[in-house]
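Trainee: sequence unknown, structure follows:
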């Protein structure tokens, strides 16, 4: 699939590499998430295959650490095992995630379910992070925020396929040299900061909330960076930033593109 070539000036809401780097520096202050990602990387290295036992451990780990709301754990593990030991390895990227996401009905459970967020994270951590960007609500909203839903409406296919196209468009516009994980961390951190600016009581990640409410002095310039383009949701609200100066808080509770880019479909 050929991805429409953009530069940062073509984005509805501009995004610079420096903003992505700022979000990644903020992510380094999130001890629990650093430990979680390190644990998943260690598991992938220790158990590179997809035998049944390894698959159960991987499914349990993704679901527990990333809260993907898969309740039929053993049923999902068996499904992943069958896909990965059948024709899964030969599937094209998006097709593989969609196959993993579709948990078929069984005689015991007559309901088929789709777990796209789970499948994208499983593929990201245990197959290849550069082939499979993470799909979740913050990533979807922030990609659409920067591309502009009306301007790029023709690319908004449903599900993971449309998201991958849009993710690649945004990556090309900012800097094709970014890794998927760098851009993913920006989308996740900035997406939650945008929700926090809109409403400090939004149900965001607790560790990020603590960082937003009481950032160490070295984090304030990075928060100001990621707020650029997102202040339409809450400039001047508790936790909001103007420039690098912190605004008083209330006691609220818890680019550059140098060549054509393609993505697999």
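Mentor: Perfect, thanks for sending it. Since the model is a prediction, treat every value here as computed from it, not as a measurement.

Trainee: What are the boundaries of the helices in the stretch 51-200 of the chain?
Mentor: Ranges of helices within the stretch 51-200 of the chain are 52-66, 73-84, 93-101, 116-126, 137-147, 159-174, 180-198, based on DSSP state H, counting those that start in this stretch.

Trainee: ok, and what's touching the third one?
Mentor: In other words, helix 93-101. When contacts are defined by C-beta atoms under 8 Å, 6 or more residues apart in numbering, helix 93-101 is touched by residues 79-80, 83, 88, 91, 114-116, 118-120, 122-123, 127, 131-132, 135, 159-161, 164, 264-265. In short, each C-beta sits where N, CA and C put it, glycine included.

Trainee: I'd like to know which of those residues are buried.
Mentor: By neighbour count, with 16 or more other C-beta atoms under 10 Å, the contacts of helix 93-101 hold 79-80, 83, 88, 91, 115-116, 118-120, 122-123, 127, 131-132, 135, 160-161, 164 as buried.

Trainee: Thought residue 52 was touching residue 77, still the case?
Mentor: Yes - look at residue 77 against residue 52 with C-beta atoms under 8 Å: they come within range, at 7.2 Å.

Trainee: So those two - more neighbours on which side?
Mentor: Legend: neighbour count by other C-beta atoms under 10 Å for residue 77 and residue 52, higher for residue 77 (22 against 14).

Trainee: Can you tell me which of the helices of the stretch 51-200 of the chain is most buried?
Mentor: Of the helices of the stretch 51-200 of the chain, the one with the most neighbours on average (mean count of other C-beta atoms under 10 Å) is helix 116-126, at a mean of 24.

Trainee: What helices and strands are in contact with it?
Mentor: Secondary-structure packing of helix 116-126 (3 or more C-beta pairs under 8 Å, 6 or more residues apart in numbering; DSSP states H and E): helix 31-46, helix 52-66, helix 93-101, helix 159-174.
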